[in-house]
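Peer 1: Show me the folded form of this:
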Amino acid sequence: MSAGEHDVSTGEYPRPDPRAWEGWEGWETPPGVPDQALLELLAADAAGRAAALLAGQAMAPEDPLVDAVRLLATAAGAPHTAAAARLTGLPEDELRRLVLAYRHGGTGGVAAALAPTPCGTEEIATAVAEVHRLRTMAAGELAAAEGTITDAGAGVRLQFGPDARWYPFTLARTQWWPATGANASAGAAYQAGLRARSRRRATG
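Peer 2: Got it, this is the predicted structure:
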């Protein structure tokens, strides 16, 4: 047998020099290449998606921003918020708001937080009527636009999502933050928003 060859029948293979990796020490990660933690996160996510597909659980396609928010909503993804802000051009607070929307309502919640889905005139009128019946000692009038109903006095806003559900938001300082309780009924979503607003006030 010539030098450099191995014997397949005996299973003898040349062993790598255990010191070979030392030559890579101190090398900087090339620009544009994710660090190890991010690569591990992406690999684990890809493995999870593949497993879901093999199990027949097809995942709906998502746009890049929604997909990034989905990853940031995981425990492993949270530390990468600053990097995601640089890459997306969005402030970190806005990404945190979208992450909260994902945790409360999944991809539909993120879509509603980014922009309401327009709905028909009759649909918005019905939703406004539902909300109006539930208002007690309300200050001011309801403001309604395409896919949005705002009760500024109560600090609650509803935004229509792509899944035909109303998503509640509550006002904190000058920002509308997602709350739990998305519902096909605007009235039910409004009540969920009032409860969330009450809890926010109680906790300061």
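Peer 1: For the top strand by length along the chain, output the C-alpha coordinates as CSV.
Peer 2: If you go by DSSP state E, the chain has its longest strand at strand 166-172. This file holds the C-alpha atoms of strand 166-172, laid out as CSV (Å, rounded to 0.1, in the frame of the first residue of the first chain):
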residue,chain,number,x,y,z
TRP,A,166,-59.4,42.2,16.2
TYR,A,167,-56.1,42.7,18.1
PRO,A,168,-56.2,44.9,21.3
PHE,A,169,-53.5,47.5,22.1
THR,A,170,-53.2,49.7,25.2
LEU,A,171,-51.6,53.1,25.5
ALA,A,172,-48.5,53.5,27.5
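Peer 1: Adjacent strands (with direction) for the helix or strand following it?
Peer 2: Sequence-wise, the next helix or strand downstream of strand 166-172 (DSSP states H and E) is strand 175-178. Taking DSSP bridges as the criterion, strand 175-178 forms sheet pairs with strand 166-172 (antiparallel).
Peer 1: For the partner strand, give the mean pLDDT please.
Peer 2: Across strand 166-172, pLDDT averages out at 96.
Peer 1: same thing with stretch 79-86?
Peer 2: Taken as a whole, stretch 79-86 has a mean pLDDT of 89.
Peer 1: That one: which residues count as buried?
Peer 2: Residues of stretch 79-86 classed as buried under the neighbour-count rule (16 or more other C-beta atoms under 10 Å) are H80, A84, A85. For glycine as for every other residue, the C-beta is placed from the backbone atoms N, C-alpha and C.
Peer 1: From E94, how far out is the last one?
Peer 2: Pointing back at A85 there. 8 Å (C-beta to C-beta, to the nearest Å).
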